[in-house]
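Trainee: got a sequence here, can you build the structure:
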Amino acid sequence: MATKSMDYQKLLARLVKDFSWPNDYMFKFIVPFNPNALNKVKALFSETANLSHRESSKGSYISVTAIQRMEDPDKVIEIYRKAAKIDKIIAL
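Mentor: Next up, the predicted model:
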């Protein structure tokens, strides 16, 4: 993802410590404006996820927010791992 890779072990430890599971989890991503990239991000989530997106002021990027019910922290990590395969994605 972007310029640095995510430390999944550190994220997992934080998810275990800070959340009870199952729980709604908010994901935030930024991708270059491109319908294909937006569709790839949307495909990471189920139909039950609450998805919203917004273009940047210059229209060169799209931010995507998804709130989805996650069963456990491993499922959260799984989505981040899949997202990392999308070209030029930034996870927030």
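Trainee: so what's residue 92 scoring on pLDDT?
Mentor: Among the per-residue scores, residue 92 holds a pLDDT of 88.
Trainee: how about the nearest residue to it, chain neighbours excluded?
Mentor: Nearest non-adjacent residue to residue 92, counting by CB to CB, 6 or more residues apart in numbering: residue 28, 4.0 Å away. Quick note: C-beta positions are derived from backbone N, CA and C, even for glycine.
Trainee: so how far is residue 66 from the residue nearest the centre of the chain?
Mentor: Central residue of the chain (CA atoms, centre = their mean): residue 27, 4.1 Å from the mean position. Shown here: residue 27 relative to residue 66, a distance of 5 Å by CB to CB, to the nearest Å.
Trainee: before we move on, what about residue 52?
Mentor: Counting by CB to CB - residue 52 and residue 66 are separated by 8 Å.
Trainee: higher neighbour count, the two?
Mentor: residue 66 (20 against 9; other CB atoms under 10 Å).
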